[in-house]
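>>> sequence unknown, structure follows:
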Ligand code: SF4
């Protein structure tokens, strides 16, 4: 990370009010995807901020605040989007609130169109038990799609080490469903790199991660995992579902 590039990232914020066409965005992906494959996470974030201005945001599940921390240092005041499904653990909401209170970010709290009570009234109580795909579509996929309408590019904390089907997560890729550039600055990070960054920078971590929850989603669909189990095996346990749909 170099100072001039960081300055460029800050100065360019807000310089693309109308956004780019999908063709222009895809062109950027095809050029910069390979160029940035081996770049440090800070440089990838710097590039995205300088390229997309305020049409670039970071998303966070609030399992930890590594990506938000990195992004806030490169681009103070950056938008950090959190999907508030209405089903989160209290610890996750607490982590969100702590991020907002202690980091130089603009926390964007995104809620579904319906409250949990309204969803229960229309679809029946506990839709997540009967049709988790529909529940995720209503409470995660659609709200994120709507929230990203004002952006050209979004950053995720996806890492290739997390699960087999994330192995191909590109550092800079094309999200065809959303017609957005999808940036994964941590794609190449190992678990050890994450742990080291958290330790060295005193980064906020959801306390559940130290209580048997290496992967944290909505409370009804997340259980503790035993030591040595696949870290994501606690998500939608007992079903074939492994992803909520926002990354597919
Ligand atoms: Fe619903 Fe569970 Fe998906 Fe959360 S993770 S949106 S509760 S199905």
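Perfect, I can see it now. Here the structure is a predicted model, which is why all the values come from computation and not from measurement. Numbers count the residues shown, from 1 in each chain.

>>> How many neighbouring residues does residue 245 have?
Neighbour count for residue 245, taken as other CB atoms under 10 Å: 15. (Each C-beta comes from the backbone N, C-alpha and C, glycine too.)

>>> likewise residue 121?
Residue 121: 11 neighbours (other CB under 10 Å).

>>> That one and residue 114, how far apart?
According to CB to CB, to the nearest Å, residue 121 and residue 114 sit 9 Å apart.

>>> just checking, residue 206 touches residue 95?
Yes. When contacts are counted by CB atoms under 8 Å, residue 206 is listed as touching residue 95 (4.5 Å).

>>> Quick check: neighbours shared by these two?
Here residue 206 and residue 95 share the contacting residues 62, 63, 64, scored by CB atoms under 8 Å, 6 or more residues apart in numbering.

>>> Show the contacting residues for the second one.
What it means is residue 63. Counted by CB under 8 Å, 6+ apart, residue 63 has contacts 92, 95, 157, 205, 206, 209, 215, 216.

>>> same thing with residue 122?
Applying CB under 8 Å, 6+ apart, the residues contacting residue 122 are residue 114.

>>> hmm, the helix or strand containing it touching the ligand?
In this structure, residue 122 sits in helix 116-123 according to DSSP states H and E. No. Judged by CB under 6 Å from any ligand atom, helix 116-123 makes no contact with the ligand; its nearest approach is 8.9 Å.

>>> Kindly report the same for stretch 126-137.
Yes. Counting by CB under 6 Å from any ligand atom, the ligand is contacted by stretch 126-137 at 128, 132, 135, 136.

>>> sorry, back to before: could you provide the contacts of residue 63 in JSON lines, with additional columns for secondary structure?
Converted to JSON lines, these look like this (DSSP: H, G, I helix; E, B strand; the rest coil):
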{"residue": "92", "secondary structure": "helix"}
{"residue": "95", "secondary structure": "helix"}
{"residue": "157", "secondary structure": "coil"}
{"residue": "205", "secondary structure": "strand"}
{"residue": "206", "secondary structure": "coil"}
{"residue": "209", "secondary structure": "helix"}
{"residue": "215", "secondary structure": "coil"}
{"residue": "216", "secondary structure": "coil"}
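
>>> By neighbour count, which of those wins?
Counting by other CB under 10 Å, top hit in the contacts of residue 63: residue 95 with 27 neighbours.

>>> where's that residue relative to the ligand, distance?
Residue 95 sits 16 Å away from the ligand, taking CB to the nearest ligand atom, to the nearest Å as the criterion.

>>> May I have the residues that are in contact with that residue?
Counting by CB under 8 Å, 6+ apart, residue 95 touches 62, 63, 64, 65, 204, 205, 206, 207.

>>> repeat that for 6 Å
Each residue near residue 95 by CB atoms under 6 Å, 6 or more residues apart in numbering is listed here: 62, 206.

>>> how about the nearest residue to residue 224 once chain neighbours are set aside, secondary structure?
In space, and not counting its chain neighbours, residue 224 is closest to residue 212: 3.6 Å by CB to CB, 6 or more residues apart in numbering. Using three-state DSSP, the structure places residue 212 in coil.

>>> what does residue 34 give?
Counting by three-state DSSP, the backbone at residue 34 sits in helix.

>>> per-residue pLDDT, it?
Residue 34 carries a pLDDT value of 92.
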